[in-house]
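# Next input, structure requested:
(one chain, ligands or ions: 1)
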Amino acid sequence: MTDFKKSVVYQIYPKSFCDSNHDGLGDLQGVIGKLDYIKELGVDYIWMTPFFVSPQNDNGYDVEDYYHIDPRYGTMEDFERLVHEADQRGIRLMLDMVFNHTSSRHEWFRKALAGDEKYKKYYIFKKGKEQGKAPTNWESKFGGSAWEYVPGMDEYYLHLFDVSQPDLNWDNEEVRLELQKVIRFWMEKGVKGFRFDVVNLVSKGEFADDEEGDGRKFYTDGPNIHRYLKELNAQSFGKDAEIVTVGEMSSTSLENCFQYAGEDSGELSMVFSFHHLKVDFMGNEKWVLVPADFMKLKKILFDWQAGMEKHNAWNAVFWCNHDQPRVVSRFGREGKYWKESAKMLATVIHGMRGTPYIYQGEEIGMTNAGFHDISQYRDVESLNHFRILQEKGLTQEDAYRILQVHSRDNGRTPMQWNADKNGGFTDGGPWIEVNGNYKDINAAQQMGDEDSIFRYYQKLVSLRKEYDIIAYGSFQALDERNPSVLAYMREYEGQKLVVVCNFYEKERNWKCPVGLWGYRCLLGNYKDRKMEVGEEATLRPYEAMILYKER
Ligand code: TEU
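As a prediction, this is how the structure comes out:
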C-alpha cells in the first residue's frame, strides 16, 4: 500500500501538458506518452485536473457530465489505458471532483431551468430582495454578483464562481447521493485518489448580506461541512483504504483543517490551504500590486506545520498549481538566480511535514507567461478582472501590470518539453501561447544536465523515500525572526534534520540556534558546499541546504 505520507504528487493540467493529435490542446494520449518522464521524477501519484465533458468556460471546472471524457481530451478507452500504463510504472491516478457546482449545461441544471421541480432543488434558487435586487450582496470569486437572475422564473440562482457554474444544493440529500455515485464510478475504473475542488464551500449557511466582506463568511467551512464529508467518505472512497484524498480548502481556518484532515476524523487524507499564497495580496484582494511579505509567509507556513502536527492532521504542501503564478517568478528570482532560487523554493516545500505536490513545469523552473496583450489571456477570471479594474478607474497599463503578476494564465502556458516549435507541446496552434523562453527552459535540456532543476527535484523526491524523518518527523521552526532566512528542524527517533534557505540575493551569515555539530549536508543548491559543522555558515544568494544528523 502506498503511504501518502511518503508520497509525492505530480499535478497535470491536461489542456497544457502534451498534445498528441495536433489540435493545439493537450490530451490523454499526450499524458500517456509522457509517463516515463513522470516516473523518472519518482512521484507516486498523478493528479489530473478535470477532463470530463465541459463547455470549458473554466477549463473543465464547469462539468457538464461527470461520467464521460470530453472528446477534446480523448475517450474512455484512452483513460483506461492511462490507468493501466501508469499502474505499470507504479503511479496512481488522482481525479479532480468538482462538486460545489456543475456547468449550466449539465442536464440537471437544464431541467431545473425548464421548470422541473426535482432538479430545481439540486441548485440554489432564491427570490430577489426586492425588484431588481439580488437575494444577498455576495460576490462571485471571478468578479461581479454571485447571483444570476432568471427572468422566466423571477428568481436568482447562486454561482460562487462563473455565471456558467451554478452551485449545487448539498442540503438536498439526492444531490449528495448523486455525487457519491460519481466517485464510486471512477473507483471502479481503478482510480486511487481524489482531489475535491473547493469542497469547504459546499455547505451554505445563512443567506444574508455581508456587511464587511464578499459573503464568504456565510458559506466557507459552513454548518454541515464536517457531516457531509464524513458521509461522502463512508459512502464512497472510505470503502477502499488505499484511496488518498485531498480537499481544496478556500479561505479556511486551521481549526477546521484539524478535522478535515485529522488522522481519525474520517473525512479526508489531507488539505490544500492558501493563506501562504496570499502574502502578496492586500487582505483578500488579489488584484493589487504589493510586494510579498516574507515574514508573513514564514509565519503562515510555520503555524500550519506546527498546528496540523499538534492535532495529528496532514497538510498537502505546495507552491504551485493551475490557479497560481509560477513560484520562481513570484518568490524567487528569474534571470540571474533562476536556477538557485527555483531549487531553494523546492527545498522549503520538500523538507516539510506533509505531502508535496509538484505542478507540471515547476520541476524545470517554468516562469510567468509575460503576456502583454489581453488577446493572449484565456482565463475567465483574468478577462473579467481586466475589465473590472478599468471600470474602477485604473489605466489599461496598470491593469496589465496586475495581470502579469496575478493571472492564473501564468501557470497555464504549455509545458516546455524541448527547443522545438511550441516547446514540443504541439505541432498545431496552441490554445494558449507558449512562453517565449522555451528554448532556454525545457525538459529535454534539463534531463541531460545533472545540475538541473529537474535533477534537483528528483533528488528531493528520493530523499523523502529514503529518510523516514522527512515523512514522519516532527516540525520545529528555527530562527523565526530572521528577516531573510527560512529555517526549520525535523526530528524522528533521535535523528535530526535542519533545512535552511536564504530567500534573498544578499549573502548572510547564519548561526543555527540549535548548533550543527555532527550534521552532514544531504543536499544543497550550491555544488561546493562543505559544511563546517557547528560554525556559522555563510549563505550565498538563494542558498538552500538540508542537513542531517543520525543521532
Ligand atoms: O479554485 C478555487 C479557487 O478558489 C481559485 O480559483 C480562486 O478563486 C482564484 O484563484 C481566486 O483568485 C478551484 C479550481 O482550482 C479553479 O481552477 C476553478 O476555477 C475553481 O475552483 C472553480 O471550480
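
# the strands in the stretch 251-400 of the chain, which residues?
Using DSSP state E, counting those that start in this stretch, the strands of the stretch 251-400 of the chain run over residues 270-272, 316-317, 355-359.

# State the pLDDT value of the nearest residue to F258 once chain neighbours are set aside.
In space, and not counting its chain neighbours, F258 is closest to H311: 3.9 Å by CB to CB, 6 or more residues apart in numbering. All C-beta atoms are positioned from the backbone trio N, CA, C, and that covers glycine. Per-residue pLDDT puts H311 at 98.

# Was I right to think H311 contacts N256?
No - if you go by CB atoms under 8 Å, H311 and N256 don't touch, sitting 11.0 Å apart.

# now the helices for the stretch 101-250 of the chain?
For the stretch 101-250 of the chain, the helices defined by DSSP state H, counting those that start in this stretch cover 107-113, 117-120, 173-188, 216-219, 225-235.

# G411: which of these is closest?
Set against G411 and scored by CB to CB, these come closest in helix 216-219, at 22.9 Å.

# Any residues of the stretch 201-350 of the chain in contact with the ligand? List them.
Selection of the stretch 201-350 of the chain residues close to the ligand by CB under 6 Å from any ligand atom yields E248, S250, K286, H322, D323.

# Near the third one, how many other residues are there?
Other residues within reach of K286, judged by other CB atoms under 10 Å, total 17.

# Pull the contacting residues for it.
If a contact means CB atoms under 8 Å, 6 or more residues apart in numbering, then K286 has K278, H406 as its contacts.

# Apply 7 Å and report the result again.
Taking CB atoms under 7 Å, 6 or more residues apart in numbering, we find K286 in contact with H406.

# do the same with the second one
Under the criterion of CB under 7 Å, 6+ apart, the contact partners of S250 comprise V198, N200, L201, T220.

# For S203, see how far away it is.
Distance check for S250 against S203: by CB to CB, to the nearest Å, it reads 13 Å.

# Name the SS class of whichever residue of the chain sits closest to the ligand, please.
For the chain and the ligand, the shortest gap (CB to the nearest ligand atom) falls at Y61, measuring 3.4 Å. The three-state assignment at Y61 reads coil, by DSSP: H, G, I helix; E, B strand; the rest coil.

# Number of residues surrounding the residue lying closest to it once chain neighbours are set aside?
Nearest residue to Y61, sequence neighbours excluded (CB to CB, 6+ apart): V98, at 5.3 Å. V98 is flanked by 27 other residues according to other CB under 10 Å.

# Present the contacts of S250 as a markdown table; the columns should include pLDDT, neighbour count and distance to Q131.
Shown next, in a markdown table, are these (pLDDT from 0 to 100; neighbours: other CB atoms under 10 Å; distance: CB to CB, whole Å):
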| residue | pLDDT | neighbour count | distance to Q131 |
| --- | --- | --- | --- |
| V198 | 98 | 22 | 32 |
| N200 | 98 | 26 | 34 |
| L201 | 98 | 26 | 29 |
| T220 | 98 | 21 | 30 |
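
# Tell me which two in those are the farthest apart.
Within these, two members stand farthest from each other by CB to CB: V198 and T220, at 9.5 Å.

# residues contacting S253?
D221.

# Just give the number of residues close to the nearest residue to K339 once chain neighbours are set aside.
Among residues not flanking K339 along the chain, I453 sits closest, at 6.1 Å (CB to CB, 6+ apart). The number of residues packed near I453 is 24, by other CB under 10 Å.

# for the one 5 residues further on, same thing?
Neighbourhood size, Q458 [other CB under 10 Å]: 18.

# Confirm it sits in a strand?
No - counting by three-state DSSP, Q458 is not found in a strand; it is helix.

# for it, what are its contacts?
Shown in contact with Q458 (CB under 7 Å, 6+ apart): L41, G42.

# do that again at 8 Å, thanks
Contacts of Q458 (CB under 8 Å, 6+ apart): E40, L41, G42.

# What of K34?
F17, C18.

# Low-confidence stretches in the stretch 151-300 of the chain?
For the stretch 151-300 of the chain, no stretch has pLDDT under 70.

# rewinding a little: now mean neighbour count too, for the strands of the stretch 251-400 of the chain, in CSV please.
What follows is the strands of the stretch 251-400 of the chain, written out as CSV (neighbours: other CB atoms under 10 Å):
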stretch, mean neighbour count
strand 270-272, 25
strand 316-317, 23
strand 355-359, 24
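
# Parallel or antiparallel, list what pairs with the lowest-mean-pLDDT helix or strand in the chain.
With mean pLDDT, DSSP states H and E as the measure, the helix or strand of the chain carrying the lowest mean pLDDT is strand 537-539 (a mean of 88). Partners of strand 537-539 in the sheet, by DSSP bridges, are strand 508-510 (antiparallel).

# Now the partner strand: buried residues?
Residues of strand 508-510 classed as buried by neighbour count (16 or more other CB atoms under 10 Å): R508, W510.

# how far out from the middle of the chain is it?
Here the centre of strand 508-510 is set off from its chain's centre by 33 Å, with CA atoms, centre = their mean, to the nearest Å.

# Quick one: name whatever helix or strand follows that strand.
For strand 508-510, the succeeding helix or strand toward the C-terminus, using DSSP states H and E, is strand 520-524.

# So what's the model's average confidence on that following strand?
Strand 520-524 shows a mean pLDDT of 93.

# So what's the gap between that strand and the chain middle?
Its chain's average C-alpha position is 28 Å from that of strand 520-524, according to CA atoms, centre = their mean.

# Contacts for that strand, please.
Around strand 520-524, the neighbours that count as contacts under CB under 8 Å, 6+ apart are 347, 456, 459-460, 463, 467, 497, 529, 531, 533, 543-549.

# what's the answer for stretch 412-422, then?
So stretch 412-422 is contacted by 13, 15-18, 26, 59, 322, 360-361, 364, 366, 369, 378-379, 423-427, 430, 432-435, 437-439, 441-445 (CB under 8 Å, 6+ apart).

# how many neighbours does the closest residue to K120 other than its chain neighbours have?
The spatially closest residue to K120, leaving aside those adjacent along the chain, is A112, at 4.5 Å (CB to CB, 6+ apart). For A112, the tally of surrounding residues (other CB under 10 Å) stands at 23.

# in the stretch 451-551 of the chain, what spans have low per-residue confidence?
Low-confidence segments of the stretch 451-551 of the chain, defined by pLDDT under 70: 530-535.

# That one: strands as residue ranges?
Using DSSP E, counting those that start in this stretch, the strands found in the stretch 451-551 of the chain span residues 474-478, 485-492, 495-502, 508-510, 520-524, 537-539, 544-549.

# Put together a markdown table for those strands, with distance to G266 on each row.
Converted to a markdown table, these look like this (distance: least, CB to CB, whole Å):
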| stretch | distance to G266 |
| --- | --- |
| strand 474-478 | 24 |
| strand 485-492 | 27 |
| strand 495-502 | 31 |
| strand 508-510 | 43 |
| strand 520-524 | 36 |
| strand 537-539 | 44 |
| strand 544-549 | 34 |
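
# Could you dump the ones you listed into JSON lines and include distance to the ligand?
As requested, the strands of the stretch 451-551 of the chain are arranged in JSON lines below (distance: least, CB to the nearest ligand atom, whole Å):
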{"stretch": "strand 474-478", "distance to the ligand": "26"}
{"stretch": "strand 485-492", "distance to the ligand": "24"}
{"stretch": "strand 495-502", "distance to the ligand": "26"}
{"stretch": "strand 508-510", "distance to the ligand": "33"}
{"stretch": "strand 520-524", "distance to the ligand": "31"}
{"stretch": "strand 537-539", "distance to the ligand": "33"}
{"stretch": "strand 544-549", "distance to the ligand": "27"}
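
# And the residue nearest the centre of the chain, how far from Q11?
Centroid-nearest residue in the chain: N321, 3.8 Å away (criterion: CA atoms, centre = their mean). Remark: distance between N321 and Q11 (CB to CB) = 6 Å.
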